[in-house]
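Novice: generate coordinates for the sequence data below:
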Amino acid sequence: MKRNVFFFIAFAFLWTGSFGKDVSQNKVTGNFPNLAGQQISLVGFNGLDTYAIDKAQACDKGRFELSFDKNDYGMGYLEDEDGEAFIVILAPSERLILEGEVLAIAETVEITSGKQNQLFEKYAAEHLRREQALGAWLFLDRIYQQDSLFAVHEKPATMIEQEMKRIKEEDKDFLEGLDHQMYISWFLPVRKLVSSISTIAQYRTEEIPEAITAFREMDYTDPRLWKSGLLRETIENHFWLIENSGRPLDSVYVEMNISIDHMIENLASDEKKFNEIIGYLFNLLEQRSLFGASEYLALKVLNEVSCIIDDNLARQLESYRAMKVGNIAPNFDFPEHVIVPGDHSEQMPQKLSDINGSYTLVVFGAGGCTASHNELMQIAGLYERWRQHGVDVVYVCLDKDKEGFEKFVDGFPFISICDYKKWDSPIAKAYHVFTTPMMYLLDSDREVLLRPNSARHMNAWVDWYLVQGKRKKNNSL
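Specialist: Got it, this is the predicted structure:
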C-alpha cells in the first residue's frame, strides 16, 4: 500500500446492535469512473498486520460495492490494482458512499455519506491548516522572545501567544465536541499524538514530557488500537521521541526502561498481544542499536514476567540473558571442515580459544541468507583493517550443503567453519542464535564486549575504541 494518501479516516465504534436486528453486512459503495473494470479490495487492520475483507470488480462505469462485518470495525482502506489506496472507517450501521477520480489523491474524493468519515475529513483539513498556522506563529514568537530588535515590543509578543493559545483551544474544542459513542472520539487524539511527534521533538520541545506520558498511559490491549492501523506507529514514535528528546544516552535508556515497565505491566493480562508487541519492540530496539534498552527488556521479561512466551521470542530474549555484554562466551571446538585462509594456515586452530587476536568477532550466517551475504561481503572488505588493530573474525556457517558452503566462503580472508547441522548446530545453540546474521565481539578471555548489529556498527567500534584510542594514548605520551 502506498503511503502518499491523505488520511481520510473514519472509525467504527464498538458494535452494540439491537437484538434481532441483522447488521452483519455493511456496505462501502464507490463511484470512480477512472477505475472502471478494476478489482477493488477492502483491507482491514489487526494489530501489526492487515487482512483482506472483501473484493469486487468495478463495473464499466466505475461503480463497486464492498461488504464488511461488524467484526471488521475500525480502520480499513480501499485499494485498486495499482496499489493506490484510500483510508476509510468501517462503521457498522453507517453506510459509506464515495465518489471521485483517484483513490490516492484525497482531494479528488468526495464522501457523500458516512458521518464519521465526513467528520474526519473536516478535522483533517482544519487540523492541517491549524498546524501550519501554529508553525508560523511559533517562528514569530521565537523572534519576539529572542531577538533583541523585537524582544522590547511586548504587545506583539502577547498577541502571538494569545493567537497560538486560541488555535490550540479550537482544535481541542473540536475533539471534545465529538460524540463519545463514536470511535473517532478515541481515534483522532491518538492519531494527532502519533503524527505530531517529529514536530514536538524539533519545534515544541516543551511538550515532550506530556507526549511521553500519553504514550505510557496508553492501553496496548485496547481492541480499538489493534483495529486502528496505528499500533506500529504508536510503538515506534513512542521510543523515537525518547531517543530524540535531547537527553544523554544514559538518560535515554532510563526513560526507555520506564516506558518498557509500563508496557509490560499493561500487556501482562493478554499473552497473545504481549508476545506480539514485546517481540516487535525488541526487534525495533535492536535495529536502532539501542542495546541498553533491548537488554533491559529481555532480562525484565525473562526474570520477572509470568506470561507464557512463545518459543521464537523466548530464543531471542534468552540470547541476552546468556550472552549479554560482560558474560563469558562458550569456547567451542572447530568441526572437521574448517576453511583457513593462506595467511592463517600456520595456526590451524582446533577451537575458538586457539585464535590469537586480542579480539575475535564471531559471525553466524547462512549462504542462502541475503542479509548474511551482504554483511559478510562488507566484513571481508574491512577485515584487513580490523586485523591491523588486533581483531580477527570467525565465520560460523549454518548450512547443510558442503558444496554450497565452500562456494559461499571462497575468497573470504578469515576462518570459516560449518558442521552442516544448520539450526541444530551445537555452536549455534550454545550462542543462542535465533537469526542470521548474528555477531558477538569477544576479547582474548572470550568476554562479550559488543553485540554488533552490522559490519558498519562493528567498524564504528574499531574506529572509536581502537583507532582513536591508540591516538589518544600516543598523544598523551
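Novice: pull the CA atoms of stretch 112-119 into PDB?
Specialist: Output of stretch 112-119 as PDB, limited to C-alpha atoms (Å, rounded to 0.1, in the frame of the first residue of the first chain):
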ATOM      1  CA  THR A 112     -21.300  11.800   0.200                       C
ATOM      2  CA  SER A 113     -22.500   9.500   3.000                       C
ATOM      3  CA  GLY A 114     -20.900   8.300   6.300                       C
ATOM      4  CA  LYS A 115     -21.000  10.700   9.300                       C
ATOM      5  CA  GLN A 116     -17.700   9.600  10.900                       C
ATOM      6  CA  ASN A 117     -15.800   9.700   7.600                       C
ATOM      7  CA  GLN A 118     -17.200  13.200   7.000                       C
ATOM      8  CA  LEU A 119     -16.200  14.400  10.400                       C
END
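Novice: centre of the chain to it, how far?
Specialist: Averaging C-alpha positions (CA atoms, centre = their mean, to the nearest Å) puts stretch 112-119 31 Å from its chain's average.
Novice: how about stretch 191-208?
Specialist: That offset, for stretch 191-208, works out to 18 Å (CA atoms, centre = their mean).
Novice: what residues sit buried inside that stretch?
Specialist: For stretch 191-208, a neighbour-count test (16 or more other CB atoms under 10 Å) marks 191, 193, 194, 196, 197, 200, 201, 207, 208 as buried. The C-beta positions use only the backbone N, C-alpha and C, and glycine is treated the same way.
Novice: which two in those residues are spaced the farthest apart?
Specialist: Using CB to CB, the pair of the buried residues of stretch 191-208 lying farthest apart is 191 and 208, separated by 18.8 Å.
Novice: now, which of the buried residues of stretch 191-208 sits nearest residue 168?
Specialist: Nearest to residue 168 among the buried residues of stretch 191-208, with distances taken as CB to CB, is residue 207, at 10.5 Å.
Novice: three-state assignment of the closest one?
Specialist: Secondary structure, DSSP: H, G, I helix; E, B strand; the rest coil: residue 207 is helix.
Novice: make sure it is actually in contact with residue 200.
Specialist: Yes - with contacts counted by CB atoms under 8 Å, residue 207 reaches residue 200, the gap being 4.8 Å.
Novice: and the contacts of stretch 362-379?
Specialist: With CB atoms under 8 Å, 6 or more residues apart in numbering as the contact definition, stretch 362-379 has outside contacts at 329, 352, 361, 393-399, 401, 404-405, 407-408, 412, 414, 422, 428, 431, 433, 436-442, 454-456, 458.
Novice: now the helices for the stretch 351-477 of the chain?
Specialist: 370-388, 402-409, 426-430, 455-461, 468-476 (DSSP state H, counting those that start in this stretch).
Novice: least confident of those helices, on average?
Specialist: Of all these, mean pLDDT reaches its minimum on helix 468-476 (a mean of 59).
Novice: shaky segments in the stretch 251-400 of the chain?
Specialist: For the stretch 251-400 of the chain, the stretches with pLDDT under 70 are 342-347.
Novice: now with 90?
Specialist: Within the stretch 251-400 of the chain, the stretches with pLDDT under 90 are 283, 286-292, 294-295, 298-326, 335-350, 354-357, 367-369, 399-400.
Novice: can you give me the strands for it?
Specialist: 338-339, 359-365, 391-397 (DSSP state E, counting those that start in this stretch).
Novice: which of those strands sits closest to residue 177?
Specialist: Among the strands of the stretch 251-400 of the chain, the nearest to residue 177 by CB to CB is strand 359-365 (56.8 Å).
Novice: that older thread, closest to residue 234 out of the buried residues of stretch 191-208?
Specialist: residue 194 (5.8 Å).
Novice: which element is the closest one on?
Specialist: Residue 194 belongs to helix 184-195 when assigned by DSSP states H and E.
Novice: quick one: that helix to chain centroid distance?
Specialist: The answer for helix 184-195 is 19 Å, by CA atoms, centre = their mean.
Novice: export only the CA atoms of that helix, formatted as CSV.
Specialist: Extracted in CSV, the C-alpha atoms of helix 184-195 (Å, rounded to 0.1, in the frame of the first residue of the first chain):
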residue,chain,number,x,y,z
ILE,A,184,-13.2,8.8,16.2
SER,A,185,-13.5,10.5,19.6
TRP,A,186,-10.9,8.0,20.7
PHE,A,187,-9.0,7.7,17.3
LEU,A,188,-8.4,11.3,16.5
PRO,A,189,-6.5,12.3,19.6
VAL,A,190,-4.3,9.2,19.2
ARG,A,191,-3.7,9.9,15.5
LYS,A,192,-2.9,13.5,16.5
LEU,A,193,-0.4,12.4,19.1
VAL,A,194,1.3,9.9,16.8
SER,A,195,1.6,12.3,13.8
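Novice: can you tell me what sits against that helix?
Specialist: 7, 9-11, 75, 89, 116, 119-120, 123, 127, 175, 178-179, 211, 214-215, 218, 224-225, 228, 230, 233-234, 237.
Novice: which of those residues fall in strands?
Specialist: Counted as lying in strands by DSSP state E, out of the contacts of helix 184-195, are 75, 89.
Novice: now, of the contacts of helix 184-195, which are buried?
Specialist: Buried subset of the contacts of helix 184-195 (neighbour count, 16+ other CB under 10 Å): 7, 9-11, 75, 89, 116, 119-120, 123, 127, 178, 211, 215, 218, 224-225, 228, 230, 233-234, 237.
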